[in-house]
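1. Would you be able to build a 3D model of this:
(chains A and B)
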Amino acid sequence: SQKIEQNSEALNIQEGKTATLTCNYTNYSPAYLQWYRQDPGRGPVFLLLIRENEKEKRKERLKVTFDTTLKQSLFHITASQPADSATYLCALEGNTGFQKLVFGTGTRLLVSP
Amino acid sequence: GAGVSQSPRYKVAKRGQDVALRCDPISGHVSLFWYQQALGQGPEFLTYFQNEAQLDKSGLPSDRFFAERPEGSVSTLKIQRTQQEDSAVYLCASSLSPDTQETQYFGPGTRLLVL
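-> Sure, this is the predicted structure:
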């Protein structure tokens, strides 16, 4: 069956360091992958989309890579700040012809001052 | 402009009670989604509307769950005879078009607790 895995343990890093979050998937051939941020008590907020033919995408301090051979995406936040503390979700399109997203469980990031 | 809004934000129901959750999508958005998010998990797809047409309801857990979007804007998710396992956050999302790579905008969710 289709499966998306993200580190369930929280990632603790110091302010100014680079945070790297991992998303692995099996039994999928997604055309694209998305990353979302979710704060407590709020809905997910879209951050970045990367297509299968793109190796890397950047937006300000964010960088996403997509390796369709390894079936893995890495999400990097450089020069991390306490305000970056949140849960980060990866999502794949579900091969249905519309935007049906299948989400991972999310990884909680804690950035300490 | 206004984002996606949901009401109520919190709902406590006794087991067996019926509940109705409302979603107001961004004006003009064609696509509307409902997701269920259990504690510590990612959102799980429930159902999808394109305008007023419900094109996919494969994620609805049982026939106690029913969703509608009669005029292609506001949507209601109804859960009949609620059970404790229905306790979760119910998220609504909308997007401008049915294009597969269109951004989905999420509401804040309704937190449902069934006692």
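
2. give me the element the residue lying closest to A:Cys23 once chain neighbours are set aside is part of.
-> Distance criterion Cβ to Cβ, 6 or more residues apart in numbering or on different chains; nearest residue to A:Cys23, sequence neighbours excluded, is A:Cys90 at 3.5 Å. Quick note: C-beta positions are derived from backbone N, CA and C, even for glycine. Using DSSP states H and E, the element containing A:Cys90 is strand A:86-93.

3. That strand - which strands sit beside it in the sheet, and in what orientation?
-> Sheet partners assigned to strand A:86-93 using DSSP bridges are listed as strand A:32-38 (antiparallel), strand A:101-103 (antiparallel), strand A:107-112 (antiparallel).

4. quick one: which of these is nearest B:Leu112?
-> Each of the strands paired with strand A:86-93 was scored for nearness to B:Leu112 using Cβ to Cβ, and the closest is strand A:32-38 (17.7 Å).

5. quick one on the thing from earlier: surely the residue nearest to A:Cys23 is in contact with A:Val102?
-> No. Counting by Cβ atoms under 8 Å, A:Cys90 sits too far from A:Val102 to count as a contact (9.6 Å).

6. one step back: just send the strands paired with strand A:86-93 back as TSV, with mean pLDDT, mean neighbour count and distance to B:Pro70 too.
-> Listed next are the strands paired with strand A:86-93 as TSV, based on pLDDT from 0 to 100; neighbours: other Cβ atoms under 10 Å in any protein chain shown; distance: least, Cβ to Cβ, whole Å:
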stretch	mean pLDDT	mean neighbour count	distance to B:Pro70
strand A:32-38	95	22	29
strand A:101-103	92	22	25
strand A:107-112	97	18	39
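
7. Now distance to B:Thr47 too, for the ones you listed, in JSON lines please.
-> Putting the strands paired with strand A:86-93 into JSON lines (distance: least, Cβ to Cβ, whole Å) gives the following:
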{"stretch": "strand A:32-38", "distance to B:Thr47": "19"}
{"stretch": "strand A:101-103", "distance to B:Thr47": "13"}
{"stretch": "strand A:107-112", "distance to B:Thr47": "27"}
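
8. who wins for proximity to B:Gln80 among those strands?
-> strand A:101-103 (26.1 Å).

9. Alright, that wraps it up for me.
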